[in-house]
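Trainee: Below is the sequence, then the predicted model.
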Amino acid sequence: MLDFKLFNIPVRIQPLFWLGAFVIGGGFSIQGREGLITTLLAMAAILISILVHELGHALTSRKLTRVNPSIELVAFGGFARPNTHLTPRESFRVTWAGPLAGFGLFLATVVVLIGLFGPADGFHFASFVTFPWTDGRASDLLIMAEMNRHALSFVTTFLWINFWWSVLNLLPVFPLDGGQIYASMEESALKVFRVGMITAGLAALAFLYFRMPIGAILFGFLAYQNYQRQQEITGGRDFR
Ligand SMILES: [Zn+2]
């Protein structure tokens, strides 16, 4: 357990957070000292990215309510507690602020790359790293050769997480941010969990297709969770 304050907001990091970051950072396939450094850098990129995402929620919540929120990082993510009641309108803004903070950090990284390597090359390099199935240019290979290996692996993880986690977080899957936004607009809870189950199931299949087993397990679990919530409703039990 690690406790500290950031912008006067209490932050608690659960031990399982480090395990999750280790797994996502490729900890199971470490080979030698270089591999260990790469994983540690990826873990640092994950820590910063998730903290900034949760700070987006927390700072917006404090700005709107003047009540100090708190942040907790758990395995494979985190959450910000407003510590007060939010109106639906406030809640909507607070929920959006997390993914928007992630996209903001992504854009800031792209701007740094543009500053380092010029507008055309820096921008192309950022988009090539974020969408690795697109064609690389000679300038991308040149930048990769020029960059320190560790800096390259940090920047790659950082761009990836801030772009793709923000996108995934906006999928209409409860309790992800997108699922909460969807739930605030849809009256039928049954429909919210049904859409969540189908979307998470499709995402899990996509992860399998791209051979990313951790993503497949995570979204498979979310699909199951949404299925369970539906069962609770149709079983006539209370749900929260
Ligand atoms: Zn969030």
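Mentor: Looks like it came in fine.
Trainee: Say whether the ion is contacted by the helix or strand where Met43 lies.
Mentor: Element membership for Met43 (DSSP states H and E) is helix 32-65. No. For helix 32-65, no contact with the ion is found by CB under 5 Å from the ion; the gap never falls below 5.5 Å. Glycine gets a C-beta too; all of them are placed from N, C-alpha and C.
Trainee: so after that helix, what's the next helix or strand?
Mentor: strand 70-74.
Trainee: For that next one, enumerate the helices and strands it packs against.
Mentor: strand 9-13, helix 15-24, helix 32-65, strand 77-81 (3 or more CB pairs under 8 Å, 6 or more residues apart in numbering; DSSP states H and E).
Trainee: quick one: the longest one to chain centroid distance?
Mentor: Spelled out, that is helix 32-65. Helix 32-65 has its average C-alpha position 9 Å from the chain's average C-alpha position, going by CA atoms, centre = their mean, to the nearest Å.
Trainee: residues contacting whichever residue of the chain sits closest to the ion?
Mentor: Here the residue of the chain nearest the ion is Gly98; by CB to the ion that distance is 3.1 Å. Shown in contact with Gly98 (CB atoms under 8 Å, 6 or more residues apart in numbering): 53-54, 56-57, 80, 169, 177.
Trainee: For stretch 34-49, C-alpha coordinates in CSV please.
Mentor: C-alpha atoms of stretch 34-49 as CSV (Å, rounded to 0.1, in the frame of the first residue of the first chain):
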residue,chain,number,x,y,z
GLU,A,34,17.2,-4.9,-20.9
GLY,A,35,13.9,-6.6,-20.7
LEU,A,36,13.6,-5.7,-17.0
ILE,A,37,14.3,-2.1,-17.7
THR,A,38,11.7,-2.1,-20.6
THR,A,39,9.1,-3.5,-18.2
LEU,A,40,9.9,-1.0,-15.5
LEU,A,41,9.7,1.9,-18.0
ALA,A,42,6.3,0.6,-19.2
MET,A,43,5.1,0.4,-15.6
ALA,A,44,6.2,4.0,-15.1
ALA,A,45,4.3,5.0,-18.3
ILE,A,46,1.2,3.1,-17.0
LEU,A,47,1.4,4.7,-13.6
ILE,A,48,1.6,8.3,-14.9
SER,A,49,-1.1,7.6,-17.5
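Trainee: sorry, back to before: quick check: which element contains the residue of the chain closest to the ion?
Mentor: With DSSP H and E as the test, Gly98 turns up in helix 88-117.
Trainee: Check Gln180 too.
Mentor: Per DSSP H and E: helix 177-185 holds Gln180.
Trainee: Which positions in that helix come out as buried?
Mentor: Within helix 177-185, the residues that qualify as buried are 177-183, counting by 16 or more other CB atoms under 10 Å.
Trainee: Having no further points to raise, I will conclude here.
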